[in-house]
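K.L.:
below: sequence and its predicted model.
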Number of protein chains: 2
Amino acid sequence: MAQPTICPKFEKAISLLSQRWTALVVYQLLLGTQRFSEIQSAIGISGKVLSDRLKDLEKQDIVKREVIPDTPVIIEYSLTEKGRSMEPILRTIESWSQDWFQSESEI
Amino acid sequence: MAQPTICPKFEKAISLLSQRWTALVVYQLLLGTQRFSEIQSAIGISGKVLSDRLKDLEKQDIVKREVIPDTPVIIEYSLTEKGRSMEPILRTIESWSQDWFQSESEI
DNA sequence: TTCATTAGATTACTTTATGTAACCAAGTTT
DNA sequence: AAACTTGGTTACATAAAGTAATCTAATGAA
């Protein structure tokens, strides 16, 4: 029984998206350029994990990190073209969640 | 600075999809009803975690479990309507992955 | 000069998730 | 009875994520 193997590109995408916080960080940056602490307080992620995720996402060319010499230094994060290209994925999830999940108040 | 809070429905969907293996299990079941061992060998997941995931997905009404009294017993897993409604999400990820990821052989 | 402040990040440590491999149940064949 | 089968579970090891304290480098207050 030769199982059709799962496409490696698809697997890479899935493994990226199934890493905790990744999708929420990208979703948050769809709103525009943000600083470390803005992302942190918006999605409620710990500094340690946000730092890890942003490094991963930078390495994968999804997020761009820009250092602005001010005092204290300002670091701005934004989506690259590849990052922005993920918008349809997030929108599809968003719309599915509206159709199929109840809000707490409806329970 | 009142941060707009992230929608709870969306957060639920994201937390479901960012659980390792969940998306791949659903993707696999889009091909049709399958048995435990078929899913297992198709996506390379351990029995323990597959068992956990299927229980979660059943509880969330995404997967249906059917016991067929044969010998040894046959257990068939399939998607519910809610499960099938996730297809657009998987297809969007699939298409994004084709556009933005290199296959190993292209590196 | 010394101290406190700041944003971004790291470190040490705890808790949770996942992986591995051995084992179990119940019916069947040998 | 012993061995085989599928769909699990269990015990244990490793990896990932959470928490809280700490670091750095520039600056301004005391």
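P.N.:
Okay, I see it.
K.L.:
identify the residue nearest residue A:90 in space, chain neighbours excluded?
P.N.:
Counting by CB to CB, 6 or more residues apart in numbering or on different chains, residue A:90 lies nearest to residue A:27, which is 5.0 Å off, once chain neighbours are set aside. Where you see a C-beta, it was placed from the backbone N, CA and C, and this is true even at glycine.
K.L.:
quick one: what helix or strand has the one you found in it?
P.N.:
Residue A:27 belongs to helix A:22-29 when assigned by DSSP states H and E.
K.L.:
I would like the residues contacting that helix, please.
P.N.:
Helix A:22-29 has contacts (CB atoms under 8 Å, 6 or more residues apart in numbering or on different chains) with A:16-17, A:34, A:39, A:42-43, A:45, A:50, A:53-54, A:56-57, A:62-63, A:77-79, A:83, A:86, A:89-90, A:93, B:6, B:10-11, B:14, B:17-18.
K.L.:
give me the subset of those touching DNA strand C.
P.N.:
Contacts with DNA strand C are made by residue A:54 out of the contacts of helix A:22-29, judged by CB under 7 Å from any atom of the strand.
K.L.:
up against DNA strand D, what does chain A have?
P.N.:
A:19-21, A:45-49, A:52, A:71-72.
K.L.:
and the residues you listed as a markdown table, adding pLDDT and secondary structure?
P.N.:
A markdown table is the format used below for those (pLDDT from 0 to 100; DSSP: H, G, I helix; E, B strand; the rest coil):
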| residue | pLDDT | secondary structure |
| --- | --- | --- |
| A:19 | 96 | coil |
| A:20 | 96 | coil |
| A:21 | 97 | coil |
| A:45 | 93 | coil |
| A:46 | 92 | coil |
| A:47 | 92 | helix |
| A:48 | 94 | helix |
| A:49 | 95 | helix |
| A:52 | 96 | helix |
| A:71 | 75 | coil |
| A:72 | 80 | coil |
